[in-house]
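Enquirer: The sequence and its predicted three-dimensional model are supplied below.
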Amino acid sequence: MHVMVRTILVSSLLQMVPFVANAQSLADRYRPAAAQILGTSLQSSTAYDQLGELCDQVGNRISGSAQLDQAIAWAVKTMKADGLQNVHTEKILVPYWKRGAEKAWTLTPQQHELSILGLGMSVATPRGGITADVVVVGSFDELDKLGEAGVKGKIVLYDVPFTGYGPTVMYRVIGASRAAKYGAVASLVRSVGSLSFDTPHTGTLAYDGKLPKIPSAAVSIENSTMMRRMALRGERIQLHLELENELIPNQPSANVVGEIVGSEKPGEVVLLSGHLDSWDVGQGAQDDGVGCMNSLGAAKAILDAGLKPRRTIRVVFFTNEENGDFGGKGYRDAHKAELGNFVAALESDSGNGPVKGFSLDFHGEGRNKVITATPEEKARAEKSLNLLKSFAPLLEPLDATRMEMGGSGTDVGPTVSEGVPGIGVSHDTTHYWEIHHTKADTFDKIIKLDMQRNIAAVGIMAYLLAEMEGTLR
Ligand SMILES: [Zn+2]
């Protein structure tokens, strides 16, 4: 829209709608600060360079590993170097799932070596591996129709096309137990991703405690669709699978915390976060090194701009997002007494695509949780969302104006469940699901300008939350 037309439209709306008048005054009041945060973000390559250090000097860092310990020490040093106050670690116990040798190949109709990655928290195969026939299904309905007669003693392959992370990832998470219910000896899942160069995507599974635990791995899209074609031709698929891994419980780990202490209301907290742990392949660049650095970079941009937020901005790098959420749960438990003073908990954990806006979460823990909101809760949500929408004019230069109800993040989920408004960062995820949880999640794919702009978007959001009259509550 032409600037002049927009100005005329806005000024005529101003006379009619009081809400728009409020939005304008907030936007006018904070426009200089927002411009300063944008300016400092675009001029700084510090966060980008720091992410390069984390990726190249530490690399991937699964919970409980020596690499995650190194990353925690690096994060303490980096937060201090960026000028944060009260930098410290908070101890958390985490499971250490340690991958061993992994092999799979088909024996019939032809011998093919398969590209696999064992799923996190999977049990190992027995010594010498498992050899069994494969049954290919495209959904849980198909599995249920086959029942025990079609599944017992076999390896179930879920060949389910990617239709978005939410609807597809459940086959990875609960597929093993669903197959075990009918007597399957192992399960495989087509990698949950939108593109493949024979790159399997790992990720966690969750066993149903009432059913036998069977080993489970992701296969590349290339290999999964090949087996689907073999099955459609009526060919018998015999497969050999070996997974060596072990699970070591209760290993010491930590969340890393640093702050900009509020100038007027230090007890009121705006939490910015990402998770420092990653899968044990690739470099954990987009999942979620970049989310950590977006949050830290946003705090640094506010400091670099010379701004002194009224409330405290607290940056938290969580541990163990990928396979347990013990960092997020432990944080909630340790801080229960002060959660009433948290004005929002923001998490950045969807890669490095351009930020399109933010989502407001009043639900918290548990994906796909259906909430039957009371009229009072709905009214509260609408009021808070309108407040968030009033920030949008300040995010126009970044095209990050989309404000909607939605999710926040796994790590802040437990805190959000206690009534703290959650804020998710809505990235363009077009290219994220291509590399998510694969060997290809590496630093070279981080686009510097996108990262600088995303830091600015999070910085502006954080500053407004720390400054504004009233809160989202
Ligand atoms: Zn993540």
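Expert: On my side now, so go ahead. Residues are numbered from 1 along each chain as shown.

Enquirer: where do the strands sit along the chain?
Expert: Assigned by DSSP state E, the chain shows strands spanning 85-108, 112-113, 116-118, 130-137, 155-158, 186-190, 216-219, 238-260, 265-275, 311-318, 342-347, 355-361, 402-405, 422-427.

Enquirer: just checking, what packs against the first one?
Expert: Other helices and strands packing on strand 85-108, by 3 or more C-beta pairs under 8 Å, 6 or more residues apart in numbering; DSSP states H and E, are helix 66-81, strand 112-113, strand 116-118, strand 216-219, strand 238-260, helix 326-334. Heads up, the C-betas are built off the backbone N, CA and C, glycines and all.

Enquirer: Buried residues of the last one, list them for me.
Expert: If I follow you right, that is helix 326-334. For helix 326-334, the neighbour count (16 or more other C-beta atoms under 10 Å) marks 326-332 as buried.

Enquirer: Quick one: residues contacting the closest residue in space to residue 207 that isn't next to it in sequence.
Expert: Nearest residue to residue 207, sequence neighbours excluded (C-beta to C-beta, 6 or more residues apart in numbering): residue 213, at 5.0 Å. Going by C-beta atoms under 8 Å, 6 or more residues apart in numbering, residue 213 touches 123, 176, 180, 207.

Enquirer: ok so, going back, closest one to residue 349 among the helices and strands packed on strand 85-108?
Expert: Distance to residue 349, taken as C-beta to C-beta, is lowest for helix 326-334 among these, at 10.9 Å.

Enquirer: thinking again about what came up before, including distance to residue 471 and mean pLDDT, could the helices and strands packed on strand 85-108 go into a markdown table?
Expert: Shown next, in a markdown table, are the helices and strands packed on strand 85-108 (distance: least, C-beta to C-beta, whole Å; pLDDT from 0 to 100):
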| stretch | distance to residue 471 | mean pLDDT |
| --- | --- | --- |
| helix 66-81 | 25 | 98 |
| strand 112-113 | 56 | 98 |
| strand 116-118 | 43 | 98 |
| strand 216-219 | 42 | 98 |
| strand 238-260 | 17 | 98 |
| helix 326-334 | 19 | 98 |
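
Enquirer: Compare the ones you listed and give me the one nearest residue 154.
Expert: Using C-beta to C-beta, these put strand 238-260 closest to residue 154, at 9.5 Å.

Enquirer: Would you tell me which of the helices and strands packed on strand 85-108 gets closest to residue 430?
Expert: It's strand 216-219; of the helices and strands packed on strand 85-108, that one is closest to residue 430 (C-beta to C-beta) at 21.2 Å.

Enquirer: What is the closest one packed up against?
Expert: Strand 216-219 packs on strand 85-108, strand 116-118, helix 165-180, strand 186-190, going by 3+ C-beta pairs under 8 Å, 6+ apart.

Enquirer: The spatially closest residue to residue 328 that is not a sequence neighbour: what's it in contact with?
Expert: Excluding its sequence neighbours, the residue lying closest to residue 328 (C-beta to C-beta, 6+ apart) is residue 411, at 3.9 Å. Listed by C-beta under 8 Å, 6+ apart, the contact set of residue 411 reads 273-275, 316, 318, 321, 325, 327-328, 331, 347, 349.

Enquirer: for residue 441, same thing?
Expert: By C-beta under 8 Å, 6+ apart, the neighbours of residue 441 are 278-279, 281-287, 435.

Enquirer: ok, it to residue 467 distance?
Expert: Distance, residue 441 to residue 467, by C-beta to C-beta, to the nearest Å: 35 Å.

Enquirer: What residues does the stretch 251-400 of the chain have near the ion?
Expert: 287-288, 349 (C-beta under 5 Å from the ion).

Enquirer: switch the cut-off to 6 Å
Expert: 275, 287-288, 321, 349 (C-beta under 6 Å from the ion).

Enquirer: okay if I get the residues you listed as CSV plus distance to residue 226 and neighbour count?
Expert: Shown next, in CSV, are those (distance: C-beta to C-beta, whole Å; neighbours: other C-beta atoms under 10 Å):
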residue, distance to residue 226, neighbour count
275, 34, 29
287, 27, 27
288, 32, 30
321, 33, 27
349, 33, 26
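
Enquirer: Which of the residues you listed sits closest to residue 240?
Expert: residue 287 (30.7 Å).

Enquirer: Domain parsing of the protein, as residue ranges.
Expert: 19-95+250-467, 110-236 (automatic domain parsing).

Enquirer: So which of those domains is the most surrounded?
Expert: Comparing the domains of the chain by mean neighbour count (mean count of other C-beta atoms under 10 Å), domain 19-95+250-467 ranks first with a mean of 21.

Enquirer: Grab the nearest non-local neighbour of residue 473.
Expert: residue 421 (6.3 Å).

Enquirer: okay, that neighbour: pLDDT?
Expert: Residue 421 carries a pLDDT value of 95.

Enquirer: Tell me which residues touch it, please.
Expert: Residue 421 makes contacts with 343-345, 360-362, 384, 471-473, as judged by C-beta under 8 Å, 6+ apart.

Enquirer: Redo the residues you listed as JSON lines? Include pLDDT and distance to residue 246.
Expert: Shown next, in JSON lines, are the contacts of residue 421 (pLDDT from 0 to 100; distance: C-beta to C-beta, whole Å):
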{"residue": "343", "pLDDT": "96", "distance to residue 246": "43"}
{"residue": "344", "pLDDT": "97", "distance to residue 246": "39"}
{"residue": "345", "pLDDT": "98", "distance to residue 246": "34"}
{"residue": "360", "pLDDT": "95", "distance to residue 246": "41"}
{"residue": "361", "pLDDT": "93", "distance to residue 246": "36"}
{"residue": "362", "pLDDT": "87", "distance to residue 246": "40"}
{"residue": "384", "pLDDT": "93", "distance to residue 246": "46"}
{"residue": "471", "pLDDT": "89", "distance to residue 246": "46"}
{"residue": "472", "pLDDT": "89", "distance to residue 246": "44"}
{"residue": "473", "pLDDT": "86", "distance to residue 246": "45"}
